[in-house]
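J.: all I have is the shape, not the residue letters:
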């Protein structure tokens with residue numbers, strides 16, 4: 001019996017996660033297959049909230065304001081996905097604007113203006129809110145969210161997916177494994 005395309009893609013992601021644990025590295029574009037998973041706006045919204053909650057649990061914000069925005073963002077996203085109302089949508093839009101304003105410093109570099117990000121966890125929560133508020137763009141935003149969550153710089157490998165990315169890749173595969181098949185990432189690989 002042929003393996004469904006979704007299962008093949010998920011197995012590929014699980015194998016990448018396993019190989020990262022063994023010390024390998026990959027180009028970040030290997031995550032592009034997540035665009036297909038995130039094409040379903042409802043699934044992408046759940047994925048966005050999942051990553052935001054993970055970041056909230058691990059967050060070490062440098063400012064109390066960042067901590068407040070992360071916590072409130074997760075709270076309002078959760079409420080909105082449980083029972084969407086105009087009030088929750090409006091509050092989510094307000095929080096998104098506050099979050100962007102909190103990290104709005106831009107520095108002019110030689111070739112372009114660059115946004116200065118002090119709190120990566122807050123940036124991921126911001127991107128998660130964008131994913132929920134822009135369902136017509138969920139595929140691209142979901143992919144960007146996964147990139148921001150998993151990409152780690154290491155001078156030995158450069159940017160992309162490297163051994164430091166392994167735990168984040170496992171979290172991504174865990175979510176999609178449970179979403180599509182009701183089981184975690186190691187069972188997808190066959191470990």
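T.: Looks like it arrived, so ask away. This one's a predicted model, so the numbers in the text were calculated from it and none came from an experiment.

J.: use CA for all of it now, contacts and neighbours both
T.: OK.

J.: now stretch 42-55: buried residues?
T.: Burial within stretch 42-55, assessed by neighbour count using 16 or more other CA atoms under 10 Å, is assigned to 43-55.

J.: need those in CSV with distance to residue 27, can you?
T.: Below are the buried residues of stretch 42-55 laid out as CSV (distance: CA to CA, whole Å):
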residue, distance to residue 27
43, 25
44, 22
45, 25
46, 26
47, 22
48, 22
49, 25
50, 24
51, 21
52, 24
53, 26
54, 23
55, 23
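
J.: residue 105 reaches residue 113, doesn't it?
T.: No. The criterion here is CA atoms under 8 Å, and residue 105 misses it with residue 113 at 10.0 Å.

J.: hang on, the earlier thing: nearest to residue 149, of the buried residues of stretch 42-55?
T.: residue 51 (7.5 Å; CA to CA).

J.: who's in contact with the closest one?
T.: 124-125, 128, 149 (CA atoms under 8 Å, 6 or more residues apart in numbering).

J.: again with residue 41
T.: Contacts of residue 41 by CA under 8 Å, 6+ apart are 132, 135-136, 138-139.

J.: give me the buried subset of those.
T.: 132, 135, 138-139.

J.: tabulate these (CSV), appending pLDDT and distance to residue 70.
T.: Below are the buried ones among the contacts of residue 41 laid out as CSV (pLDDT from 0 to 100; distance: CA to CA, whole Å):
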residue, pLDDT, distance to residue 70
132, 98, 15
135, 97, 21
138, 97, 20
139, 97, 23
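
J.: of the residues you listed, which pair is most distant in space?
T.: Once CA to CA is applied, those give 132 and 139 as the farthest pair, at 11.1 Å.

J.: so what sits against both of the two?
T.: 41, 44.

J.: many thanks, we can stop here.
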